[in-house]
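[1] fold the following, please.
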Amino acid sequence: GMRVHAPWKAWSPEALETALGSGKTVLVNITADWCVTCKVNENVVFERESVKKRLASEDTIALLADWTNGDRVLTDYMSSHGRNSVPVYLLYKK
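    Numbers count the residues shown, from 1 in each chain. This next block holds a predicted model:
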């Protein structure tokens, strides 16, 4: 899978549950190595200093989910949000 760099943390069902329990804003970015649109968005949006600062701030948790190998648990999570392809961005706000 892909290496996760700050401000991102690796997504897992447990990591998501913990993040949601923290009361902070949670952004989930579901991506894949072969997804061209994902790469473009990452370079154009997520590499912006203002966005990086926001994602790294104390009141936000940014989770990166790797769907490169079609992870079953992640597929189910995407399906539960009505999605079957990447990129998927989910924002949880209190």
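[2] going forward, measure contacts between C-alpha atoms and count neighbours the same way
    OK.
[3] those helices in the chain, which residues are they?
    In the chain, the helices defined using DSSP state H lie at 13-21, 36-41, 49-56, 72-80.
[4] nearest to residue 91, out of these?
    helix 13-21 (10.7 Å; CA to CA).
[5] residues contacting that closest one, please?
    Here helix 13-21 makes contact (CA atoms under 8 Å, 6 or more residues apart in numbering) with 26, 61, 63, 92.
[6] rerun that using 10 Å as the cut-off
    By CA atoms under 10 Å, 6 or more residues apart in numbering, the residues outside helix 13-21 that reach it are 9-12, 22, 25-28, 60-63, 73-74, 77, 92-94.
[7] buried residues in it?
    Residues 16, 19, 20 are the ones in helix 13-21 that count as buried (16 or more other CA atoms under 10 Å).
[8] tell me which helix or strand of this structure sits lowest on mean pLDDT?
    In the chain, no helix or strand scores lower on mean pLDDT, DSSP states H and E than helix 49-56, which sits at a mean of 92.
[9] just give me how far that helix sits from the chain centre.
    Remark: helix 49-56 is offset 14 Å from the chain centroid, using CA atoms, centre = their mean, to the nearest Å.
[10] helices or strands next to it in the packing?
    strand 8-10, strand 25-31, strand 60-66 (3 or more CA pairs under 10 Å, 6 or more residues apart in numbering; DSSP states H and E).
[11] most tightly surrounded among the ones you listed?
    Mean neighbour count (mean count of other CA atoms under 10 Å) peaks for strand 60-66 among these, with a mean of 22.
[12] quick one: strands adjacent to it?
    In the sheet, strand 60-66 lines up against strand 8-10 (parallel), strand 25-31 (parallel) (DSSP bridges).
[13] angle of that strand against helix 13-21?
    Orientation of strand 60-66 against helix 13-21 (axes from the mean of the first three to the mean of the last three CA atoms, to 10 degrees) gives an angle of 160 degrees.
[14] just the C-alphas of strand 60-66, formatted as PDB.
    Taking C-alpha atoms only, strand 60-66 is exported to PDB below (Å, rounded to 0.1, in the frame of the first residue of the first chain):
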ATOM      1  CA  THR A  60      -9.100  18.100  12.300                       C
ATOM      2  CA  ILE A  61      -8.200  14.500  11.700                       C
ATOM      3  CA  ALA A  62      -7.300  13.500   8.100                       C
ATOM      4  CA  LEU A  63      -7.500   9.800   7.300                       C
ATOM      5  CA  LEU A  64      -6.100   8.300   4.100                       C
ATOM      6  CA  ALA A  65      -7.600   5.100   2.900                       C
ATOM      7  CA  ASP A  66      -5.800   3.000   0.200                       C
END
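[15] thanks again, I'm all set now.
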